[in-house]
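Engineer: I would like the atomic coordinates for the input below:
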Amino acid sequence: FPVTIEVNECVGKFQGHDFSKIQARFAVQLKLNNSDVSEIVQKRVLEKNEAAKEPLLNIFQRHEASLKTLFSFGEGSTKTNKDFSIDEYVNSYPFLPYQYELFQTVIESLSENNAFTGQHKSVGNRTLIFVFQKIAQELADENLGLLVTFDKMYDQIKDLKTSITTTIDNAAKRTDEFTLKVLKILALVRYKEKDFKASVQNISILLIDNLDVDLKQLRIKVQESLNKLENDSYIERQAEIYTYLTNEEKNIEMQIKATEVDKAELADIFKRTIFDEQLSTKNKITYAKNKQNYDFAIKVDDRLYGRDSELAIHLVTPYTNLTEAQVKTASLNSRELVIQLKEDSNLIKDINIFIQTEKFYKNNYSSRELESHKSILDIKKTQNENRKKDIEKRIVTLCEEANYYVSGRSIELAGELKDIITNGFGKLIEAAYPQLKLVDRIYLEADIKAIANQDAYSDALLITEDMQEVLNFINEKHRSAIRISVKDIVDKFKFIS
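Structural biologist: As a prediction, this is how the structure comes out:
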């Protein structure tokens, strides 16, 4: 029964190419849609008798309640998110119903991106139906309950360009079997970023090999493999989405990662995001209770930006590896609002690669560069712009959820970031200047003249608590035989008026 998909069905948009040699292989040419493919595979390749169906029905019924959770693809992959019935499960076994359409669109996306070799590079030499048949034959003797993982589709595509396969071939010599499966899946979905997000969650689903799987442990295992692949530059990560790198892309990625980054450059990213873009108050904050502006110094990981001041806002990033207890203790004897960001190892990695990519692009993009390299660098530049936006959002979120300390005490703050920092700085002002509470009004120059012209004897009973503090300061200096000027008094009390 020599039935296959009509070539034009898969590659209708490539009408200008000559597919006569491929088409000539098949005696009967039928126009099939996605449902036809699954139906033919089920009836001609996977058909089961009643005795074979019975244990599969039992497996499905035992797991039916958890299937929706088990095969719930994440945001951005809605086309893949389809519930399946008991009949679909039994008829498709050992495949899963979502795999038909996903694999067909994978082949189309690879074709559209010129990933195949030969004169007829818009398609592979093997049809979708043949791929399902071949995999089913290879797994015929496996234990009942085993499911086909999506990486097995890669092994049946023999006509991919070496720019794609070289990465897999090299990795096969250096990594473990499971990590290689992850890499093969990423190679397959390389050009499906618009409708399939290669996240830890989605990759894990494609690697489910039985319905008894511990999905939490599987995700941990997938994450470990992704970390290995990213560290070895087989893939790249953009926020939480992973992308397979061709051999040429891998070489450029390795050069980018070899670019040196200074610790100060990392701190600069935090400083610009929080103080220049979010706070943007030019090193002054208005204290709500007296409407007065107070200067502050900016520090990031003990590095001072600009002028020093009596008060400071000090941002402590995850790069320092300091514990909460260490940061809290360090704030005890300082006049600083200390903001300790919580651990986020991916953020530090992303800032690092952002700086490296930015430097590499500036230093290497030129008219003398190969067109293929320029194209890759242009993509890197666009990705880096998106990476920057993502980094800034995550830094703001980390600051909103950070630990805030004043004088060795943890303080609770909530709201938008600018309000959080402003209110936190108000707590610092109150801790640094405890006598501030004595001032219940703002004295203008006219008030000072009026007070100076009053009869000292008649106004003895009008001395307020804040005035008494000033008088105590004067008397203290007088008892120590220290001459005191108006400037000395102003310097002593200027931050509480």
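Engineer: Pull out the buried residues from stretch 353-365.
Structural biologist: 353, 354, 355, 356, 357, 358, 360 (16 or more other Cβ atoms under 10 Å). Using the backbone N, CA and C atoms, a C-beta is placed for each residue, glycine as well.
Engineer: for stretch 364-381, same thing?
Structural biologist: Buried residues in stretch 364-381 (16+ other Cβ under 10 Å): 373, 376, 377, 380.
Engineer: circling back: pull the most distant pair out of the buried residues of stretch 353-365.
Structural biologist: The span of these, defined through Cβ to Cβ, is set by 354 and 360 at 10.9 Å.
Engineer: Can you tell me the element residue 253 falls in?
Structural biologist: Using DSSP states H and E, residue 253 sits in helix 247-257.
Engineer: Any regions of the stretch 301-450 of the chain where pLDDT drops low?
Structural biologist: Residue ranges of the stretch 301-450 of the chain with pLDDT under 70: 367-369, 438-445, 447-449.
Engineer: What segments of it are helices?
Structural biologist: 324-330, 345-364, 371-400, 417-432, 445-452 (DSSP state H, counting those that start in this stretch).
Engineer: and if you look at the stretch 101-250 of the chain?
Structural biologist: Ranges of helices in the stretch 101-250 of the chain, per DSSP H, counting those that start in this stretch, are 128-138, 151-154, 162-172, 177-188, 200-206, 215-231, 247-257.
Engineer: So for residue 418, which of the ones you listed sits nearest?
Structural biologist: Residue 418 sits nearest to helix 200-206 of all those, at 33.2 Å, using Cβ to Cβ.
Engineer: Run a quick neighbour tally on the closest residue in space to residue 432 that isn't next to it in sequence.
Structural biologist: With sequence-adjacent residues excluded and distances taken as Cβ to Cβ, 6 or more residues apart in numbering, residue 432 is closest to residue 335, at 4.8 Å. Neighbourhood size, residue 335 [other Cβ atoms under 10 Å]: 18.
Engineer: And for residue 242?
Structural biologist: 25.
Engineer: got the contact list for it?
Structural biologist: 186, 198, 199, 203, 226, 229, 230, 235, 236 (Cβ atoms under 8 Å, 6 or more residues apart in numbering).
Engineer: Local confidence estimate at it?
Structural biologist: Looking at residue 242, its pLDDT reads 95.
Engineer: so who does the residue nearest to residue 432 touch?
Structural biologist: Applying Cβ under 8 Å, 6+ apart, the residues near residue 335 are 310, 311, 312, 428, 432.
Engineer: next one: residue 145
Structural biologist: Residue 145 touches 59, 210, 211, 212, counting by Cβ under 8 Å, 6+ apart.
Engineer: same thing but at 7 Å, please
Structural biologist: Contacts for residue 145 were tallied using Cβ atoms under 7 Å, 6 or more residues apart in numbering; they are 59, 210.
Engineer: Tell me the predicted confidence for it.
Structural biologist: Looking at residue 145, its pLDDT reads 89.
Engineer: Redo the buried residues of stretch 364-381 as CSV? Include distance to residue 492.
Structural biologist: Converted to CSV, the buried residues of stretch 364-381 look like this (distance: Cβ to Cβ, whole Å):
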residue, distance to residue 492
373, 65
376, 63
377, 60
380, 57
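Engineer: out of those, who's nearest residue 318?
Structural biologist: Residue 318 lies nearest to residue 380 out of the buried residues of stretch 364-381, by Cβ to Cβ, at 25.2 Å.
Engineer: how deep is the residue nearest to residue 425 when sequence neighbours are not counted tucked in, by neighbour count?
Structural biologist: Nearest non-adjacent residue to residue 425, counting by Cβ to Cβ, 6+ apart: residue 285, 4.8 Å away. Per other Cβ under 10 Å, the neighbour tally for residue 285 reads 25.
Engineer: Only the buried subset of the contacts of residue 335, as a PyMOL command please.
Structural biologist: Here is the PyMOL selection string for the buried members of the contacts of residue 335, based on 16+ other Cβ under 10 Å:
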select buried, resi 311+312+428+432
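Engineer: residues in contact with residue 305?
Structural biologist: 271, 298.
Engineer: what about the nearest residue to residue 94 once chain neighbours are set aside, distance to residue 395?
Structural biologist: Ranked by Cβ to Cβ, 6+ apart and with sequence neighbours excluded, the top spatial neighbour of residue 94 is residue 148, at 5.1 Å. Counting by Cβ to Cβ, to the nearest Å, the gap from residue 148 to residue 395 is 42 Å.
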